[in-house]
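Colleague: Sequence first, predicted model second:
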Amino acid sequence: MGFPGTWMTESESVVYRVVPKCACSTIGQIMYYSDHGAFFDGDIHDSTAGLHKWAQEDSQPLIEANVKAHASYAFTCVRNPYTRILSSFFDKICGIQRNGRRYRGNLVPLLIQKYGIEVGGEDGKQEFDQIASFRRFLLFARDTMRWRRPMEPDIHWSAMAGHVSTFIVNGGRYDNIFFTEKFNEGMQSVLDNIETKHAVDLAAIPRFNESEGHGPKRLHPVEDYFDDLSKHLVWEIYKKDFQLFKYDFDNPGNKMPLSEVDLDEVHAKLGE
């Protein structure tokens, strides 16, 4: 199995387990900058040099040796499950992607046909009932997670606990799990614990939100998208995420965590 979704600086100053939709573009660029003194020109997910990634075959033995020996500081970043799934819907389902096409080709037509979802027309710019469509998408997301039908779960809305756990199960240990909602504070706590070739001033770092502008703007407050049934589906999919990463299930309008992450609890529960 190895360490899918794991990135490491070439200097091996730090190891990061990517969790999609949790500031991963910005984190990757900060890691790249800390080694090279410049940002990667383009989406960091497209880089094939300058940053070790598990998806690059040459990087695998280096990442594996480092993680198993816990030779470097290791971290990841998580996000409120309510805002994460909403963001996935607007970016991946309603939005036009970087390549000018719909995400995953036939996915959106399938959702329109099987679940009655609207996405704002061909270009995603027409008006549609965002709340009704999102709730139908949530039903689809649950079906993929529960029964792996009509397709396998997608990494952008599959549970964070699943992403975080592969690192632990295969022999890794996190030194830090911080919150997207407290990004500067959390990322600074990582930088304070590592030696970097180039100093990183977080206040001066742009936000590399690669999904920004892909889809229509969210028109309503977060809590308006989640009625009782939606909350039930969210709990079914993300129960572990709420429990382990300390987010407020009862109030979708509160995006902030209720307390810090208990690393020992995360390693115990996800390492089984």
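Modeller: The structure has been received and is ready for your questions.
Colleague: Can you give me the neighbour number for residue 45?
Modeller: Neighbours of residue 45 under the rule other CB atoms under 10 Å: 16. All C-beta spots, glycine's among them, are computed from the backbone N, C-alpha and C.
Colleague: meant to ask about residue 266, not that
Modeller: Neighbours of residue 266 under the rule other CB under 10 Å: 21.
Colleague: Quickly note the distance from residue 41 to residue 88.
Modeller: Per CB to CB, to the nearest Å, residue 41 is found 26 Å from residue 88.
Colleague: For the protein, which helix or strand comes out least confident on mean pLDDT?
Modeller: Ranked by mean pLDDT, DSSP states H and E, the weakest helix or strand in the chain is helix 107-115, scoring a mean of 93.
Colleague: Name the residues that touch that one?
Modeller: Helix 107-115 is touched from outside by 93, 102, 117-119, 136-137, 139-140, 150-151, with contacts defined as CB atoms under 8 Å, 6 or more residues apart in numbering.
Colleague: how does it look with 6 Å?
Modeller: The contact list for helix 107-115 (CB atoms under 6 Å, 6 or more residues apart in numbering) reads 102, 117, 119, 136, 140.
Colleague: Could the C-alpha coordinates of that helix be exported in CSV?
Modeller: Coordinates of each C-alpha in helix 107-115 appear next as CSV, following Å, rounded to 0.1, in the frame of the first residue of the first chain:
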residue,chain,number,x,y,z
LEU,A,107,-19.9,12.3,-13.9
VAL,A,108,-22.1,15.4,-14.2
PRO,A,109,-24.4,14.0,-16.9
LEU,A,110,-24.8,10.9,-14.7
LEU,A,111,-25.8,13.0,-11.7
ILE,A,112,-28.3,15.0,-13.8
GLN,A,113,-29.9,11.8,-15.1
LYS,A,114,-29.9,9.6,-12.0
TYR,A,115,-30.2,12.2,-9.2
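Colleague: Rounded mean pLDDT for the helix or strand following that helix, please.
Modeller: The helix or strand immediately downstream of helix 107-115 is helix 130-147, counting by DSSP states H and E. Mean pLDDT, helix 130-147: 96.
Colleague: Sweet, I'm off.
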